[in-house]
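**Q** Sequence and predicted structure below; questions after.
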Amino acid sequence: MFDIERWQEIFETLRKNKLRTFLTGLSVASGIFILVILLGFSTGIQNGVTSQFQRDASNLISIWAGSTTKEYKGLNPGRQIQFKNSDFNTIARKYDKEIEHKSSFYTIWGGLVNYKNESGNYRIQGILPGNQFIENADIGQGRFINNADVEGAKKVAVIGNRVKKDLFKDEDPINKEISLYGISYKVVGVFFDPGGERDESKVFLPLSSAQRAFNGADNIRNMMFTLNISDNFNEAVVASEQITKAIENDLKIRHTVAPDDTNAIRVYNTMEEAKQIYTLINTISAVFWFVGIGTIIAGVVGVGNIMLIIVKERTKEIGIRKALGAQPMSIVGMILQESVFVTMFSGLFGLILGLALLELVGPLIESDFIKYPQVDFNTALTTVFILVFAGALAGFFPAYRAAQIKPIIALRDE
């Protein structure tokens, strides 16, 4: 039940000790403020790292050919490994159930691309349709490379948005022809990439068309696969590692490479990298929580000390109350109510101030690894409950001490 007289007593006590109340509240508010800011930036770091992984599929296996560094089965080191279409097709068939998307690549670095009087050097890649999902590319206009383009070795191209801006300006590029080293290709699509302009400075061609146009025969530079992964992250990492190792072994057998030669065939698994990064993020988050909670505890301890002082100062008053028939629980409730009020009011002030600062400053932060620092509602609500509990805990021991005071002893107190 709401007791107006008790609240009047609490406010009167706080008014009499303005500086003490202010400093106590400041310690609690600063603790919550620091916790909110730390958790906000923890979320910002997680958002930033996640956006970096969005540049490509996070369950990606990339395979590149290098040169051998060890003698094996009578073959000298220094052999350059050359992947073929057959390598890609064999792997794709063998692991079809585990593979979600796939593409092999034939790449021309810094290829000259012309449209009317405009020209530029861009990466030209012969690809398969699955590369759209591997790159996380969004189609802004037209369409992506499809199977019919590959099977017919059609002279069509999909250009990145950066290429469109450079060569076409404000002109619609769809069904216009660009020239690649004198060979004409019809633009059928424009794509956007979450990696930004660097990844949008590409021209995609059907793999078969690129191999034929640039005398690539059946050679490919590298291949990429994304895997079907389970909902359990740790299980997905283990499965991805197993498939990665199996693919690497298969290719080493096909190209007669020593099992321990790490340079000849290089296989990169982003799931393992993701695991390391997210483990680091979780560690950072745990450290932030530890520092923030520690700061709150320091403030709450201050509240407890102040409540002990208040109980000491009001010993005679408490003795009179008990002599007049006040129940111990009434004394405990009075002290607890004051403690919880000071803690909650100060904590909510620090919470609101922290959230407001994140809302104002968050959008202004320009960093690849810190994006949109914020604290969600559930976390903020949890913080409030922590405050209520901490305030009650801080006031309980002084309140319990006050309830144990014997009236005759309290009345003698000076």
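**A** Perfect, I can see it now.

**Q** From the chain's centre, how far out is the longest strand seen in the chain? Work that out for me.
**A** In the chain, assigned by DSSP state E, the strand with the most residues is strand 99-115. Per C-alpha atoms, centre = their mean, to the nearest Å, the displacement of strand 99-115 from the mean C-alpha position of its chain is 29 Å.

**Q** helices or strands up against that strand?
**A** helix 85-94, strand 118-127, helix 131-134, helix 161-168, strand 177-180, helix 207-213, strand 219-220, strand 222-227 (3 or more C-beta pairs under 8 Å, 6 or more residues apart in numbering; DSSP states H and E). For every residue, glycine as well, the C-beta is placed using N, CA and C.

**Q** These: which one's closest to Phe385?
**A** strand 222-227 (40.6 Å; C-beta to C-beta).

**Q** what ranges do the helices span in the chain?
**A** All helices of the chain, identified by DSSP state H, fall at 4-16, 18-53, 85-94, 131-134, 147-151, 161-168, 207-213, 233-254, 270-313, 315-323, 328-361, 377-404, 407-412.

**Q** Which of those helices comes out lowest on mean pLDDT?
**A** Of all those, the minimum mean pLDDT falls on helix 407-412 (a mean of 59).

**Q** what about Arg93, neighbour count?
**A** If you count neighbours by other C-beta atoms under 10 Å, Arg93 ends up with 9.

**Q** count of residues packed around the residue nearest to Ala65 when sequence neighbours are not counted?
**A** Nearest residue to Ala65, sequence neighbours excluded (C-beta to C-beta, 6 or more residues apart in numbering): Ile81, at 4.1 Å. The tally of other residues near Ile81 (other C-beta under 10 Å) stands at 21.

**Q** ok, now which ones touch Leu355?
**A** By C-beta atoms under 8 Å, 6 or more residues apart in numbering, the contact list for Leu355 reads 36, 375, 380.

**Q** Next: Ile63.
**A** Applying C-beta under 8 Å, 6+ apart to Ile63 gives the contacts 83, 222-225, 247-248, 251, 265-268.

**Q** burial measure for the residue lying closest to Gly362 once chain neighbours are set aside, as a count.
**A** Leaving aside its sequence neighbours, Gly362 sits nearest to Pro373 (C-beta to C-beta, 6+ apart; 4.8 Å). Counted by other C-beta under 10 Å, the residues lying close to Pro373 total 25.

**Q** Over to Gly160?
**A** As a burial measure, Gly160 scores 25 neighbours (other C-beta under 10 Å).

**Q** before we move on, the earlier item: list the buried residues in the longest strand of the chain.
**A** Buried residues in strand 99-115, counted by 16 or more other C-beta atoms under 10 Å: 99, 101-108, 111, 113-115.

**Q** Leu23 versus the closest residue to Val257 other than its chain neighbours, what's the distance?
**A** Nearest non-adjacent residue to Val257, counting by C-beta to C-beta, 6+ apart: Ala264, 4.4 Å away. The gap separating Ala264 from Leu23 is 68 Å, by C-beta to C-beta, to the nearest Å.

**Q** cool, and Ser67?
**A** 69 Å.

**Q** if we can go back for a sec, any idea how far the residue nearest to Ala65 lies from Gln337?
**A** From Ile81 over to Gln337 (counting by C-beta to C-beta), the distance is 76 Å.

**Q** Please apply the same query to Met271.
**A** Remark: distance between Met271 and Gln337 (C-beta to C-beta) = 53 Å.

**Q** who's more crowded, those two?
**A** Counted by other C-beta under 10 Å, Met271 and Gln337 do not tie: Met271 has more neighbours, with 22 against 19.

**Q** Verify the stated contact: the more buried one with Val237.
**A** Yes. The criterion here is C-beta atoms under 8 Å, and Met271 meets it with Val237 at 5.1 Å.

**Q** pLDDT below threshold where in the stretch 101-250 of the chain?
**A** 229-234 (pLDDT under 70).

**Q** ok, 90 please
**A** The model of the stretch 101-250 of the chain has pLDDT under 90 over residues 109-111, 133-137, 170, 181-182, 193-199, 215-216, 226-243.

**Q** So what's the residue count around Asn89?
**A** When neighbours are defined as other C-beta under 10 Å, Asn89 has 13 of them.

**Q** still on that earlier bit, for Ala264 and Leu23, indicate the residue with more neighbours.
**A** Under the criterion of other C-beta under 10 Å, the comparison of Ala264 against Leu23 puts Ala264 first, with 22 against 12.

**Q** Phi first, then psi, for that one.
**A** phi -70, psi -40 (degrees, to the nearest 10).
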